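Engineer: Have a look at this prediction, sequence included:
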Amino acid sequence: MTIASRDKKCIVIICNLDTRGEDIVFVKDLIRGRGHEAILVDFSMEEPPLLAGDVTCEEVALRGGLPIETVRQYYRSNREAATNNQIAGVAAIVAELVRQGQVHGVIGIGGATSTLVSTAVMQRLPFGMPKVMATPMAGHPRYAEIGVGTRDITMHNTVLDIVKMNPLLKAQITNAVGAICGMVEMTLGTKFKFDRPVIAVSSFGFAEMAAQAAVGMLEEAGFVPVVCHAQGKGDKAMEEMIADGLFHGVLDLCTGGVIEHICGGNRDPGPDRLMAAVRSGIPAVLAPCGLDFLSYGGRVDKLEATKNRARYVQDSFRIQVRSSADELRRAADVFTERLNQSKGPFTFLVPLRGWSSIDREGRPTYDPSADAAFVARLREKLVRKDAIKEVDLHLYTPEFARVAVDEFVRLYRQSAG
């Protein structure tokens, strides 16, 4: 498949032309007006479109595995099957264009269905490739979460539905097209080169002092540290990037996602936390920041169930409830079950004076007996007993960062040698 000129940058437009027309023509014209090529990929499922795409819905359907007539039939009787077929078709076509070097950015325009199809395709594209989804669904938390996932997708909230061009809608579409064109014009591309080993560092505010100090120390030791925000999505993305082979090691200071998943907290990264490093065998230094509390902001049921526990309130959306000894034992069971499968070297550092900025003597959330329950269970069930190292420091200090980085360097050299 060859569509675009080789001497221009090209932006793929994903949309369903059976319900949209002049607004998509407007998008294409704006892109061309910036001096770029535009490839319109139509995934229409309901009716034959009045306007043909550069890649037609018939082509998309067949690449997905079904003729368009079957897709239209399924649209009325089995819509999920129709949608999945068109996602597969668009993804295959865009992937081929990427392999040919014809795609420099992707924009999706439309409502809920377009958001589902377009972002599903965008999630399969390389990190760094410009991706913009212009939709009123960007203002819906659930759709935005599903659409972005752990990928570098920009959601542009049009507020208005993409139906019938008008001055307000025109302004929003122009802004969205400006965003994708600006990204394409300024992008650094998708090929990243590092002259030193790249190390993932999990961090968030409750470990910030240690994480920031560790970043500088890792640089001094000859590494390129990449910080991943361990708020659920960030540490899930870190797991995916480890699995993709982007990192040569991990300084996993903030492992609280394990207990968040067990207890249904707001920072839940899913069921596979820790497993990417375990499977890949890269050296890992772990610490317990975030295991000492559960993020229940905005969760009336969870807050009511834990109303008798100590908590740290930042605002209505960020309420941290102290984790119990029993919950920490359950977390330790998950850690040991996973770490006992590890193919590479690892160390679990236990700071004896507190695990986060709010887990320190004098604070309501300080509970050394609960912390000790976790460590006892870890020692009981972990096969590599010598991998647990207690440190007479508080985690939220540069001194702890020094110990963690020194231990990582030791493990890295051991694995490299």
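Structural biologist: On my side now, so go ahead.
Engineer: need the strands for the stretch 201-350 of the chain, in chain order.
Structural biologist: For the stretch 201-350 of the chain, strands defined by DSSP state E, counting those that start in this stretch occupy the ranges 224-229, 249-252, 284-286, 293-295, 311-315, 318-322, 346-351.
Engineer: Between those, which one is closest to residue 71.
Structural biologist: For residue 71, the closest of the strands of the stretch 201-350 of the chain is strand 224-229, at 39.0 Å, according to C-beta to C-beta. Every residue, glycine included, has its C-beta placed from N, CA and C.
Engineer: That closest one pairs with which strands?
Structural biologist: strand 198-203 (parallel) (DSSP bridges).
Engineer: related to what we said a few turns ago, select, out of the strands of the stretch 201-350 of the chain, the one closest to residue 99.
Structural biologist: Across the strands of the stretch 201-350 of the chain, the minimum distance to residue 99, taken as C-beta to C-beta, is reached by strand 224-229, at 26.7 Å.
Engineer: Centre of the chain to that closest one, how far?
Structural biologist: 13 Å (C-alpha atoms, centre = their mean, to the nearest Å).
Engineer: and that strand, which residues are buried?
Structural biologist: By neighbour count with 16 or more other C-beta atoms under 10 Å, strand 224-229 contains the buried residues 225, 226, 227, 228, 229.
Engineer: Check stretch 139-155 too.
Structural biologist: 140, 143, 144, 147, 148, 149, 150, 151, 153, 154, 155.
Engineer: And these, which is closest to residue 271?
Structural biologist: residue 150 (14.3 Å).
Engineer: Which per-residue confidence value corresponds to the closest one?
Structural biologist: pLDDT, residue 150: 85.
Engineer: Likewise for residue 6?
Structural biologist: We have a pLDDT of 63 for residue 6.
Engineer: The one 4 residues further on now?
Structural biologist: Residue 10 is assigned a pLDDT of 96 by the prediction.
Engineer: What about it, how many residues nearby?
Structural biologist: The local packing of residue 10 (other C-beta atoms under 10 Å) involves 21 other residues.
Engineer: if we can go back for a sec, show me which of the strands of the stretch 201-350 of the chain has the highest average neighbour count.
Structural biologist: strand 249-252 (a mean of 28; mean count of other C-beta atoms under 10 Å).
Engineer: avg pLDDT for that one?
Structural biologist: For strand 249-252, the mean confidence score works out to 98.
Engineer: Now the buried residues of stretch 139-155 in JSON lines, please, with extra columns for distance to residue 315 and secondary structure.
Structural biologist: Formatted as JSON lines, the buried residues of stretch 139-155 follow (distance: C-beta to C-beta, whole Å; DSSP: H, G, I helix; E, B strand; the rest coil):
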{"residue": "140", "distance to residue 315": "22", "secondary structure": "coil"}
{"residue": "143", "distance to residue 315": "24", "secondary structure": "helix"}
{"residue": "144", "distance to residue 315": "20", "secondary structure": "helix"}
{"residue": "147", "distance to residue 315": "26", "secondary structure": "helix"}
{"residue": "148", "distance to residue 315": "23", "secondary structure": "helix"}
{"residue": "149", "distance to residue 315": "26", "secondary structure": "coil"}
{"residue": "150", "distance to residue 315": "25", "secondary structure": "coil"}
{"residue": "151", "distance to residue 315": "28", "secondary structure": "coil"}
{"residue": "153", "distance to residue 315": "27", "secondary structure": "coil"}
{"residue": "154", "distance to residue 315": "26", "secondary structure": "strand"}
{"residue": "155", "distance to residue 315": "23", "secondary structure": "strand"}
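Engineer: Need these in CSV (columns: distance to residue 369).
Structural biologist: What follows is the buried residues of stretch 139-155, written out as CSV (distance: C-beta to C-beta, whole Å):
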residue, distance to residue 369
140, 43
143, 43
144, 40
147, 43
148, 40
149, 38
150, 36
151, 41
153, 44
154, 46
155, 44
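Engineer: contacting residues for the spatially most central residue of the chain?
Structural biologist: Taking C-alpha atoms, centre = their mean, the centroid of the chain lies closest to residue 150, which sits 1.8 Å from it. Shown in contact with residue 150 (C-beta atoms under 8 Å, 6 or more residues apart in numbering): 233, 234, 236, 237, 240.
Engineer: do residue 303 as well
Structural biologist: Contacts of residue 303 by C-beta under 8 Å, 6+ apart are 296, 319, 321.
Engineer: Let me know the closest of these to residue 117.
Structural biologist: Using C-beta to C-beta, residue 296 comes nearest to residue 117 of the contacts of residue 303, at 34.2 Å.
Engineer: what number of residues lie near the nearest residue to the closest one once chain neighbours are set aside?
Structural biologist: In this structure, residue 296 finds its nearest non-sequential neighbour in residue 302, 4.0 Å apart by C-beta to C-beta, 6 or more residues apart in numbering. For residue 302, the count of nearby residues is 19 (other C-beta under 10 Å).
Engineer: ok, residue 302 touching residue 260?
Structural biologist: No - applying C-beta atoms under 8 Å as the test, residue 302 and residue 260 come out as separate, 11.1 Å apart.
Engineer: got any ranges where the stretch 1-150 of the chain has weak pLDDT?
Structural biologist: Scanning the stretch 1-150 of the chain for pLDDT under 70 picks out the ranges 1-6.
Engineer: any idea where the strands of it begin and end?
Structural biologist: 10-15, 37-42, 105-109, 131-135.
Engineer: residues in contact with residue 246?
Structural biologist: Residue 246 is in contact with residue 198, counting by C-beta under 8 Å, 6+ apart.
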